[in-house]
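>>> quick one: sequence plus predicted model below, questions after.
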Amino acid sequence: MSQPWDYIAKLVCIGDSGTGKSSLTIRLCEGRFSSAHDVTIGVEFGSRIVPVGPPASQSLGLGFDKTDDDINPPTTQSPSTGLPNPPRKTPGPQSQKQMKLSLWDTAGQETYKSITRSYFRGASGALLVFDITRPATLTSCTQWLQDLRQIAEEGIVVVLVGNKSDLAEGNAEQDKRRISRQTAEEWCRANNVVRYVETSAKSGEGVERAFLEVAERIYRNIEIGKYDLNDRRSGVKGFGATGGSGNTGAPETIALGLNDAMRNGGNRWAGNCC
């Protein structure tokens, strides 16, 4: 039987309480939306296997895929004979790579920040989530980002996510948007964040795109050798690097509460997920 995934990467969802981090994780992992969700205490966990690299990545339009000239460069002349060199052969169809996203949904309340920050260690990607109807949640993203970059590994892939886009639909009287797309994109440029994506955990719009943006960039970093796949701190591993149930590739959702977080102390990743 073929392996269920090629790589596994640790992602964290961070941001203020009530921005919809848990709803985004549930939407991606379980394909559903719950209007009533308990406030996250400590950290909750989920996982999802997604395609990375071509051919799937071509539909994202990220501009990462090799051009035709990279695969089959123009004919050049040999300096010794003056005759044209034969072009390289175009490779056959590529097998689709799969990445298992290990998603850590952190609590947004200040009360639990000292605990949830510890889970930033070993993360290779992050979704920084704010609520487009609450300007204060975007303001808070600056501090969340500073904390993340202080604790996580250097070069962590960060995507800014403006959630609850469904509240910006309809006529002017129904439009609850308070943060424009332009404002969010300017914030990204000012803070060196690679991308801004708007989502609606309620309708599902943009949710997969947000996670795939992070996954694809992590995959490209793998391709250029940025990570040591045998180093736990890198937040990325190849298939077979972990033992036990983590190798099954089966969808899973578990909850880590306050006691679990305190017991783990953030010094290692809980369970065999990564």
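Everything's here; your move. Just so it is clear, the structure is predicted and the values come from calculations on it, not from any experiment. Numbering: from 1, shown residues only.
>>> which non-adjacent residue is nearest Ile179?
Excluding the flanking residues, the one nearest Ile179 by Cβ to Cβ, 6 or more residues apart in numbering is Ile132, at 4.9 Å. Where C-beta positions appear, they are placed from N, C-alpha and C, glycine not excepted.
>>> and the one you found, how far from Gly61?
23 Å (Cβ to Cβ, to the nearest Å).
>>> between these two, who's got more neighbours?
Shown here are Ile132 and Gly61; by other Cβ atoms under 10 Å, Ile132 has more neighbours (27 against 8).
>>> model confidence for that one, exactly?
We have a pLDDT of 97 for Ile132.
>>> alpha carbons only: can I get stretch 117-136 in PDB?
Extracted C-alpha coordinates of stretch 117-136, given in PDB (Å, rounded to 0.1, in the frame of the first residue of the first chain):
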ATOM      1  CA  ARG A 117       2.900  30.600  23.300                       C
ATOM      2  CA  SER A 118       4.800  27.400  24.300                       C
ATOM      3  CA  TYR A 119       3.100  25.600  21.400                       C
ATOM      4  CA  PHE A 120       4.700  28.000  18.900                       C
ATOM      5  CA  ARG A 121       7.900  26.000  19.200                       C
ATOM      6  CA  GLY A 122       8.500  23.700  16.300                       C
ATOM      7  CA  ALA A 123       5.800  25.300  14.100                       C
ATOM      8  CA  SER A 124       6.700  25.600  10.400                       C
ATOM      9  CA  GLY A 125       3.600  27.600   9.500                       C
ATOM     10  CA  ALA A 126       1.000  29.900  11.100                       C
ATOM     11  CA  LEU A 127      -2.400  31.300  10.400                       C
ATOM     12  CA  LEU A 128      -2.700  34.700  12.100                       C
ATOM     13  CA  VAL A 129      -6.500  35.200  12.300                       C
ATOM     14  CA  PHE A 130      -8.500  38.400  12.900                       C
ATOM     15  CA  ASP A 131     -12.200  39.300  12.600                       C
ATOM     16  CA  ILE A 132     -12.900  41.700   9.800                       C
ATOM     17  CA  THR A 133     -15.700  43.300  11.900                       C
ATOM     18  CA  ARG A 134     -13.500  44.100  14.900                       C
ATOM     19  CA  PRO A 135     -10.600  46.400  14.200                       C
ATOM     20  CA  ALA A 136      -9.000  45.700  17.600                       C
END
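>>> tell me the buried residues in stretch 155-163?
Using 16 or more other Cβ atoms under 10 Å as the test for burial, stretch 155-163 gives 156-163.
>>> in strands only, show me those.
Among the buried residues of stretch 155-163, the residues falling in strands (DSSP state E) are 157-163.
>>> pull the most distant pair out of those residues.
The most widely separated members of these, counting by Cβ to Cβ, are Val157 and Asn163 (18.6 Å).
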